[in-house]
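Participant: sequence first, predicted model second:
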Amino acid sequence: MSLIKSVINELKELYSLYMVFLVVFIGLFTYFADGIHLKTKGNIKESTLAKIIGIVYIIGGPLFYVLLKIL
């Protein structure tokens with residue numbers, strides 16, 4: 001149990017508000033730039049996957065930050 005607490009404490013120190021903005025920016029870039037670029041090349045499956053990954057980053061980044069603040 002102490003290993004889990006030490007990992008959570010390390011994540012709290014590393015994952016700051018700056019990291020949240022960075023993860024959201026990466027998600028936006030993946031969703032818009034990669035998704036559109038792949039779609040214009042005809043890679044529909046890859047475009048859909050890039051958009052899903054972008055949405056996960058956009059939603060998951062702030063959610064992870066809030067979860068770490070609660071713990």
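Facilitator: Yep, it's here.

Participant: list the contacts for Pro62?
Facilitator: If a contact means CB atoms under 8 Å, 6 or more residues apart in numbering, then Pro62 has 20, 24 as its contacts. Just so you know, the C-beta spots here come from the backbone N, C-alpha and C atoms, and that holds for glycine as well.

Participant: same deal with the one 3 residues further on?
Facilitator: With contact set as CB under 8 Å, 6+ apart, Tyr65 has these partners: 15, 17, 19-20.

Participant: for this protein, longest helix please?
Facilitator: Longest helix of the chain, by residue count under DSSP state H: helix 44-70.

Participant: next, the buried residues of it.
Facilitator: Using 16 or more other CB atoms under 10 Å as the test for burial, helix 44-70 gives 47, 50-51, 53-54, 57-58, 61, 65, 68.

Participant: mean confidence (pLDDT) on it, please.
Facilitator: Mean pLDDT, helix 44-70: 96.

Participant: how about stretch 22-35?
Facilitator: 96.

Participant: which one of the buried residues of helix 44-70 is nearest to Gly27?
Facilitator: Nearest to Gly27, judged by CB to CB, of the buried residues of helix 44-70 is Tyr57 at 2.9 Å.
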